[in-house]
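Asker: sequence and predicted structure below; questions after.
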Amino acid sequence: MQRKKVSINYIKLVGVFIFSLFSGIISAQENTKKAQKEARVFAAEAQESLSENNFAQAEANYRKAIAKDPTNAEAKYNLGNLYYAKDKEGESTPRLKQASETSQSKALKHKAYHNQGNAFMKQKKYEEAVEAFKNALRNNPKDDQTRYNLALAKKMLEKEQQEQDQNQDQDKDQNQDKEDQKDQQDQDKKDEGENKKDQGEDKEKGDEGDQKDKEDQSEDKKQDEGDQKKEEQPKDPSQEKGDQPKDQKPQQAKGQLSPQQIKNLLEAMENQEKEIQDKINAQKAKGRKVRTEKDW
């Protein structure tokens, strides 16, 4: 009996839990439906404000609609288009992306990606535009306008890349020119420093040379003055003779005969005189006749 009572209580407890669970689910569904309904109301009011060119009110109502129902892809798409029409591409692309990711409809996805590509084109974000148009074609491959926009985006992207490459080359050349200019300036400074150093050394050498020349000139002047004083002093014959080198014989005065020459001359005169005397004596002896006969 006690066991049956426990089983009945358990069943009641499970029943209450299941009822509460279903009640919660039903309540959540009702709340979701209510939020979705309110979101649709805000979206409708936004459309009405937009038709009246009241963009600020339209933006506010779209925001309220999205806040009430975050799954409302159409509200996100319309808000993205509203920003695009007001040239607010930076705010447009995130809303269009949300719409493409939230929507379960290929048609809405296609439109969201297509307009997202247009927004990127206006921002000159050609790489992102190419990807957006590709996604649009994945959801609607037959749209020629999307295909044309994709081709245009590719062309603009290629042109941009070429310009970037050209700019990079120019920047590289400019940087190289700057480096070359800096190297040249450094070399010029180095050469200038070396030239100044060489000029300084040359000047020092020149100053030393000038000083030496002055000293030599001064020494020569002193020497000349000394020689002049010596010439002005009376000459001592004995001093002059003593000044001659020991191994040098005294020079013979011009026009005078040396003792040896005088001796030789005297001997020659004596010999000549003797020869003359001998000739005279011989002639005398020849003039006398020798008498061989007796004198009568």
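Answerer: Sure thing, it's come through.
Asker: CA only for contacts and neighbour counts going forward, please
Answerer: Will do.
Asker: show me what contacts Ser92?
Answerer: 79-84, 116, 119 (CA atoms under 8 Å, 6 or more residues apart in numbering).
Asker: the residue nearest in space to the middle of the chain and Lys189, how far apart?
Answerer: With distances taken as CA atoms, centre = their mean, Glu179 lies nearest the centre of the chain, 1.7 Å away. Glu179 sits 15 Å away from Lys189, taking CA to CA, to the nearest Å as the criterion.
Asker: one step back: now the residue nearest to the centre of the chain. Its backbone dihedrals?
Answerer: When read as degrees, to the nearest 10, the backbone of Glu179 gives phi -60, psi -40.
Asker: with Asp191 instead?
Answerer: Torsion angles, degrees, to the nearest 10, at Asp191: phi -60, psi -40.
Asker: quick one: low-confidence parts of the chain?
Answerer: Flagging of the chain using pLDDT under 70 yields the residue ranges 1-29, 202, 206-210, 213, 216, 220, 224-257, 285-296.
Asker: what's the neighbour count on Gln176?
Answerer: By the criterion of other CA atoms under 10 Å, Gln176 has 12 neighbours.
Asker: whoops, Lys64 was the one
Answerer: 20.
Asker: on the three-state scheme, it is what?
Answerer: Assigned with DSSP: H, G, I helix; E, B strand; the rest coil, Lys64 falls in the helix class.
Asker: OK, contacts around the residue lying closest to Asn72 once chain neighbours are set aside?
Answerer: Distance criterion CA to CA, 6 or more residues apart in numbering; nearest residue to Asn72, sequence neighbours excluded, is Ile66 at 6.2 Å. Ile66 makes contact with 39, 72, 75-76, according to CA under 8 Å, 6+ apart.
Asker: and Arg138, how far from Ala112?
Answerer: 12 Å.
Asker: so between those two, which is more surrounded?
Answerer: Ala112 (32 against 14).
Asker: got a list of what that one touches?
Answerer: Ala112 neighbours (CA under 8 Å, 6+ apart): 77, 96-97, 99-100, 136.
Asker: inside strands: which ones of those residues?
Answerer: Among the contacts of Ala112, no residue falls in strands (DSSP state E).
Asker: by neighbour count, which of the residues you listed wins?
Answerer: Leu96 (31 neighbours).
Asker: of the contacts of Ser92, which belong to helices?
Answerer: 79-84, 116, 119 (DSSP state H).
Asker: hmm, back to that, would JSON lines of the contacts of Ala112 with distance to Lys196 be doable?
Answerer: JSON lines is the format used below for the contacts of Ala112 (distance: CA to CA, whole Å):
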{"residue": "Tyr77", "distance to Lys196": "77"}
{"residue": "Leu96", "distance to Lys196": "72"}
{"residue": "Lys97", "distance to Lys196": "71"}
{"residue": "Ala99", "distance to Lys196": "76"}
{"residue": "Ser100", "distance to Lys196": "75"}
{"residue": "Ala136", "distance to Lys196": "74"}
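Asker: farthest pair in those residues?
Answerer: Tyr77 and Ala136 (14.0 Å; CA to CA).
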